[in-house]
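*Asks:* Got a sequence here, can you build the structure:
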Amino acid sequence: NLTAIDVWELYINGPAPLFFKPTSEGKNLRLRWKFYSCQNADSIIIMKSECIRDTTLKDSCITGNEAGSGFTKIAAVSARDTTWLDKGSGRGLSRGGVYSYFIYAKFPPIANGYSLPSKVQYAQLSLDAPVITNVSVLKTDPINGEIEVKWTKAKGIDTTLFPSPYRYEVFRTDQPSPLVSLTNLNDTLFIDKSLNTTEKQYSYYVKFFYNNNVLKETSDTASSPFLTGFARKGYRIGLSWTSKVPWDLSQDWQYIYIITDTTETRIDSVKATEYAPFETFVPGKPIKFRIATKGGYGCAENRTKGS
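*Replies:* The predicted model follows:
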């Protein structure tokens, strides 16, 4: 009889955990999953992305530790646990962002393996509190400067937990008292006047109250963009700017404009915070520039805009 002998190396992967859709708890997200069925697992690994991503794989043998392209490990909890609260490193999560999560089980060294990844679950904090989106200089002046502040309308409010009446209060960080109090939820814009926008950068935040005077939440703080010019060799001008905002500016173009007595023309767009134009300007002739910053909460594919 003819015989053949071959050696096979077999791997047995743990089943994927059953992962449920996260739910909002204030500015945090509560993650829940079914008690993991394999008794010899020692931990559940939690993966997160601030973009809408998936771990759908053509190869069903790829385990959770290999499936997380674009994800970051944020926690490892006991395999006996069935819940974990994402607090955003203690700062709370952004109401403007969208988050993706998946989990997988890890086995101890004697087994030294991982389970298949769970289904990815997407979550966004409820928008039942204002999200600041714009802080724009409308007028540059040492005395009569103006800044426009915008935020999103609080919506989807649980009126049982958070009964009316409601109120927004807009604050500037150099003032202890509110600049304005607004009782109409549709009022999402305020213009601050009589400012020195030539020399100063201003920062704002919005407080949201329910049941007359009960504070529900304070928004993140956002500043106006502040543009500075500096001389470069050969009568050239360099520009730099700062914008202290809770949204991400790195993934969008920042637009640069040159202003004359009669026109405003966009001369370039950059993904940076400094710009050195190649144009040579006439010595002694005043020239004006404007920067329009643009960004958003979360990644570029799915974001609440800010500027």
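
*Asks:* List phi and psi for Gly64.
*Replies:* phi -60, psi -40 (degrees, to the nearest 10).

*Asks:* can I get the CA coordinates of the host helix or strand of Asn134 in PDB?
*Replies:* For Asn134, the host element (DSSP states H and E) is strand 132-139. Backbone C-alpha positions of strand 132-139 (Å, rounded to 0.1, in the frame of the first residue of the first chain) are rendered in PDB as follows:
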ATOM      1  CA  ILE A 132     -19.200  75.600  19.300                       C
ATOM      2  CA  THR A 133     -18.300  75.800  15.500                       C
ATOM      3  CA  ASN A 134     -17.200  79.300  14.600                       C
ATOM      4  CA  VAL A 135     -15.200  82.100  16.100                       C
ATOM      5  CA  SER A 136     -14.600  84.700  13.300                       C
ATOM      6  CA  VAL A 137     -13.200  88.200  13.300                       C
ATOM      7  CA  LEU A 138     -15.700  90.400  11.400                       C
ATOM      8  CA  LYS A 139     -13.800  93.600  11.900                       C
END
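
*Asks:* helix or strand right after it?
*Replies:* Following strand 132-139 in sequence, per DSSP H and E, is strand 145-151.

*Asks:* what is the mean pLDDT for whatever helix or strand comes next after that next one?
*Replies:* Scanning forward in sequence from strand 145-151 by DSSP H and E, the next helix or strand is strand 167-172. Strand 167-172 carries an average pLDDT of 98.

*Asks:* For the strand holding Asn134, which strands pair with it and how are they oriented?
*Replies:* The sheet places strand 132-139 alongside strand 145-151 (antiparallel), with pairing taken from DSSP bridges.

*Asks:* Go through the partner strand and flag the buried ones.
*Replies:* By 16 or more other Cβ atoms under 10 Å, the buried positions in strand 145-151 come out as 145-147, 149-151. No exception for glycine: its C-beta is placed from N, CA and C like everyone else's.

*Asks:* Likewise for stretch 122-139?
*Replies:* Buried residues in stretch 122-139 (16+ other Cβ under 10 Å): 122-135, 137.

*Asks:* Can you pull out the low-pLDDT segments for the protein?
*Replies:* 1-2, 54-60, 68, 111, 234-235, 272-284, 300-307 (pLDDT under 70).

*Asks:* can you do 50?
*Replies:* Applying pLDDT under 50 to the chain picks out residues 305-306.

*Asks:* hey, where'd the helices end up in this structure?
*Replies:* Under the criterion DSSP state H, the chain carries no helices.

*Asks:* partners of Ser100 in the sheet?
*Replies:* Ser49, Tyr122.

*Asks:* Number of residues surrounding it?
*Replies:* When counting by other Cβ atoms under 10 Å, one arrives at 22 neighbours for Ser100.

*Asks:* Would you check that it makes contact with Ile46?
*Replies:* No - taking contacts as Cβ atoms under 8 Å, Ser100 lies outside contact range of Ile46: 11.6 Å.
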